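In: need coordinates for the below:
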Amino acid sequence: MIKFFRKIRQKLLSENKFSKYLIYAIGEIILVVIGILIALQINNLNESKKEQNILNASLNSLKLNLQKDIENLNDQIEYNKTVLKAVDFSFRVISLPEYNNLPLSTFSDSVFHVATERTFFPNTTTFNSMETGSHFQWIKNQDLIQAIYGYYAIVTSISNLTNENNQFVKNHIEEFTYNNIEFGSLLPNSNPYPKKRSPELNNTSILRESAVFENNLIGRKFRSNAEIDRSEDALTKAKELIYLIDEYQNANN
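Out: Residues are numbered from 1 along each chain as shown. Sure thing, here's the model as predicted:
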């Protein structure tokens, strides 16, 4: 093809047909420009297709992360419901007359969950990767982008809340139990060399007569309820986000 155009140019020049040569040269330039534009368009289409394939893979991975979050959020809710049951039982122990002067070790299993800890960590691997790789600029739906960022703001706040609640347990409930309750009575096998224990240290009166313990229970109750409320909100947002991603993929694939 190049030889063909060269022969035409040489023939026009040899025949001194400069005006025709000029018209021909302009036409040739236009053809070259058109060819370049077509090549650029094809390259842009290929790049766009490549970007969409990467984005689609990232969105699929994001849905897997969300499914795992849903499992973990459900576990977090069940954990806090167990804590609330233990708190309620502890309120009964310190308030109702039928528990007065009973051995505290009788209820150790029931009140144990008041002092347990559990941390929630959202699955942010794909989200962080999408941010690093600037994948969000390829999403053509601003509502979807806002929904993704909104969801991860919520689960990050839940993670922070669980850390605060765990610290509350350490600073208040654990400190109270270590300072006021004799674990040798509650856990008879913990010390391999048993000795006689004071009966007052294995009695519900330790809890019943303490305003500090009651305050700790109230604080634990409020904090567990807050975790449940936020976790349920995050569950709803996670399911909505999976639906939005599916809709977007169906519309753009």
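
In: tally of neighbours for Asp143?
Out: Asp143 is flanked by 10 other residues according to other CB atoms under 10 Å. Placement of C-beta: from N, CA and C, glycine included.

In: any idea which element Ser90 lies in?
Out: helix 18-95 (DSSP states H and E).

In: can you list the buried residues in the next helix or strand after that helix?
Out: Downstream of helix 18-95, the first helix or strand assigned by DSSP H and E is helix 108-111. By 16 or more other CB atoms under 10 Å, the buried positions in helix 108-111 come out as Val111.

In: please apply the same query to stretch 166-182.
Out: Within stretch 166-182, the residues scored as buried using 16+ other CB under 10 Å are 168-169, 172-173, 176-177, 181-182.

In: distance from that stretch to the middle of the chain?
Out: Counting by CA atoms, centre = their mean, to the nearest Å, stretch 166-182 is centred 30 Å from the centre of its parent chain.

In: pull the distance from the helix or strand containing Ile245 to the chain's centre.
Out: Element membership of Ile245, judged by DSSP H and E, is helix 211-252. Between the centre of helix 211-252 and the centre of its chain there are 11 Å (CA atoms, centre = their mean).

In: who are the packing partners of it?
Out: helix 18-95, helix 142-168, helix 175-180 (3 or more CB pairs under 8 Å, 6 or more residues apart in numbering; DSSP states H and E).

In: now the angle from that helix to helix 142-168?
Out: Counting by axes from the mean of the first three to the mean of the last three CA atoms, to 10 degrees, helix 211-252 lies at 160 degrees to helix 142-168.
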